[in-house]
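*Asks:* everything below, folded, please.
(2 chains)
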Amino acid sequence: MRPRVISLLLGGLLGLAAQATDTVKVVVRTTLDGKPVADAVVSATPLDHAAPPLANAGAAEIEQKDQEFRPYVTAVQAGTTVRFPNHDKVQHHIYSLSKPKRFEIPLYQAGASESVVFDQPGIVTIGCNIHDWMVAYIVVLPTPFFAKTDTMGSAALPPLPPGRYRLEVWHPRAPAPVGQEITSLPEQATVLEFSVALKPDKRVRRAPGGKPTDY
Amino acid sequence: MKFLHVLLTAAICLGAQNPGAAEPVLTARASASWVDNITRSPYIDAAHDAALYDVTGVAEWRTQVTRDVSLQFAANAGFESCPKYDGLDRVLAGVRFTLRRKLGLGPFAPAFRAELSYAGNWYRDSLRNGTRLVAGFSWTQRWNDSWQTLLSADILHNDGHAAAYDYHNRGLSLEARYDINERWELAAGAERRWGEQLTYAWLGGSGATFPYVFEIWKNTIDIPTFGPNWNAYSLDARADTVWFSISPALGGNRSLPLRFAQTSVVGRGESYKTRLISLSFVQRF
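*Replies:* Below you'll find the predicted structure:
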């Protein structure tokens, strides 16, 4: 994964018509063919001061729908409660074997919902013990400054107070997160572009099988 | 039929106990197959080929009993047609119970299954009508993101209107699946079955040496399925099947498996092979 600063310009240089802002925008593309990468989590961790604590109770939701987790990738600040509603009419059994949060929740009734607090930063992989192909990722971050790339590979971080930050980009198929140090200045707009070498998308096959005639 | 009644009653009780799990998963399959020796004959001049077309639907209910144990009940019904030998046309319906125990969490935890299935077959050639009971165990293990193996053993009992269609045998099989990626899957397997094998002979020139054959043929009867002078009989034999399939996924809920299988039957001085090529379309709703 190679970060590249496309522009680090004051508002006036970025474009006369543009409003000067203090946001950081990141665009993530594949190294191979330059296609935009969705579901990459971009985070900025303050280096000069402590990250602001979780502003409120914080809540996120990962639903089980059509025997898949939605969304595939969720980013939360440490301390956030994540709800897991079963919107399917079949049973699910959610689990995580990841070090930052080990848990399992049987959601045997349609419409059932349980919540889990994610208090330790790290990557939490969740699965369903009944449907092996179901997988999702929760990126638990020590900072409130994060965003997830959209289908255009683009993510805009919340406004950063001035100071130095460690910017990191994580994706489920990237071998490791990559980052760089940035400095946020007042009235500054920053656009960064990252190229990521993605591993093949290896997931447990979902498509049905079975045998033909027993003649 | 009493047995079937017991199974159905148990299934209804199972569904009533857990209404949240009452929604079945529905799967439909349509297949076109070609069999080179559909007459299962040891004699070359009596080995005839034919195509088979079948459509089957399965409704499967599943309920988690404990963290590691689940029960599944499936009901299936279908129709199979053989235009060349329409006596083989049949309607089939059956039920299947599966007790599954998974040792641990995640896709790499081994899973053990005990399975019992009971199916009825109603053929155009009514001598063949009957039921089939299969009881088996299996162990499924996923080794990594790509490789999965399945080891299984079962006993089969077929009960027909005519004695030749009463046969039972037991089998042991191993299959391996390799997911090249999320779309393409390769699978191969081998199975050995011991016991009685349904076999046919054409007495109009089969080369069978009488009365020798009647010493090794069991439950011989005349059958109209393939024309005049055909016999069906049970043969004590060993049947070895090897198979290979390639299956592209067409999205998450459908696939198009192409399968090739060859079975070699050897027993009591007789032997024959059957080869099957099958293309299926499988849709989960």
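*Asks:* low-confidence regions, the chain specifically.
*Replies:* In the absence of a named chain, this looks at chain A. Within chain A, the segments meeting pLDDT under 70 span A:1-22, A:57-58, A:212-213.
*Asks:* I was after chain B.
*Replies:* In chain B (pLDDT under 70), the answer is B:1-22, B:205-214.
*Asks:* what segments of it are strands?
*Replies:* Along chain B, the stretches classed as strands by DSSP state E are B:25-35, B:50-64, B:69-81, B:90-102, B:111-123, B:130-142, B:147-160, B:167-179, B:184-202, B:218-223, B:230-248, B:254-255, B:258-267, B:270-284.
*Asks:* run the angle between the third one and strand B:50-64 for me.
*Replies:* Strand B:69-81 runs at 160 degrees relative to strand B:50-64, counting by axes from the mean of the first three to the mean of the last three CA atoms, to 10 degrees.
*Asks:* what packs against strand B:69-81?
*Replies:* If contacts are counted by 3 or more CB pairs under 8 Å, 6 or more residues apart in numbering or on different chains; DSSP states H and E, strand B:69-81 sits against helix B:2-17, strand B:50-64, strand B:90-102. To be clear about C-beta, it is placed using only N, CA and C from the backbone, and glycine gets the same treatment.
*Asks:* likewise the last one?
*Replies:* In terms of contact count using 3+ CB pairs under 8 Å, 6+ apart, strand B:270-284 is assigned the packing partners strand B:25-35, strand B:254-255, strand B:258-267.
*Asks:* same check, this time on the second one
*Replies:* The helices and strands touching strand B:50-64, judged by 3+ CB pairs under 8 Å, 6+ apart, are helix B:2-17, strand B:25-35, strand B:69-81.
*Asks:* find the nearest non-adjacent residue to B:S247, please.
*Replies:* B:P257 (3.8 Å; CB to CB, 6 or more residues apart in numbering or on different chains).
*Asks:* just the residues contacting stretch B:40-49, thanks.
*Replies:* Stretch B:40-49 is touched from outside by B:34-39, B:84, B:197-202, B:205-208, B:226, B:265, B:270-272, B:274, with contacts defined as CB atoms under 8 Å, 6 or more residues apart in numbering or on different chains.
*Asks:* could you turn the buried ones of these into a ChimeraX selection?
*Replies:* Command for ChimeraX that selects the buried part of the contacts of stretch B:40-49, burial taken from 16 or more other CB atoms under 10 Å in any protein chain shown:
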select /B:35,37,38,39,197,198,199,200,201,202,206,208,226,265,270,272,274
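*Asks:* A:W170 against A:I138, yeah?
*Replies:* No. Checked against CB atoms under 8 Å, the pair A:W170 and A:I138 is beyond contact range at 11.5 Å.
*Asks:* so what sits against both of those two?
*Replies:* Common neighbours of A:W170 and A:I138 (criterion: CB under 8 Å, 6+ apart): A:I123.
*Asks:* rewinding a little: now the strands of chain B in TSV, please, with extra columns for distance to A:T151.
*Replies:* TSV is the format used below for the strands of chain B (distance: least, CB to CB, whole Å):
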stretch	distance to A:T151
strand B:25-35	30
strand B:50-64	34
strand B:69-81	37
strand B:90-102	36
strand B:111-123	36
strand B:130-142	31
strand B:147-160	32
strand B:167-179	26
strand B:184-202	25
strand B:218-223	62
strand B:230-248	25
strand B:254-255	24
strand B:258-267	34
strand B:270-284	27
